[in-house]
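>>> my questions are about this predicted structure, shown below with the sequence.
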Amino acid sequence: MGSSASQTSAELSEDDIEFISSKAKIDHESVRVWYEKLK
């Protein structure tokens, strides 16, 4: 857990994942993978 010391907007919240998942019609895991690629 200690690796993410600075909690900024760099992480997706569950709400963000829900929103993206519903809008993009993809599952939650795909949202996370997609987001990691953008970083």
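Yes, it's here.
>>> can you tell me the element the residue most central in space within the chain falls in?
In the chain, the residue lying closest to the centroid (C-alpha atoms, centre = their mean) is Leu12, at 3.5 Å. Using DSSP states H and E, Leu12 is not contained in any helix or strand.
>>> got the contact list for it?
Each residue near Leu12 by C-beta atoms under 8 Å, 6 or more residues apart in numbering is listed here: Ile20, Val31, Arg32, Tyr35. (Each C-beta comes from the backbone N, C-alpha and C, glycine too.)
>>> where does the prediction get shaky in the protein?
1-10 (pLDDT under 70).
>>> adding secondary structure and neighbour count as columns, could you present the contacts of Leu12 in TSV?
Shown next, in TSV, are those (DSSP: H, G, I helix; E, B strand; the rest coil; neighbours: other C-beta atoms under 10 Å):
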residue	secondary structure	neighbour count
Ile20	helix	18
Val31	helix	20
Arg32	helix	14
Tyr35	helix	15
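>>> tell me the two of these that are most distant?
Greatest spacing in the contacts of Leu12, by C-beta to C-beta: Ile20 and Arg32 (9.6 Å).
>>> quick one: the strands in the protein, in order.
Applying DSSP state E to the chain gives no strands.
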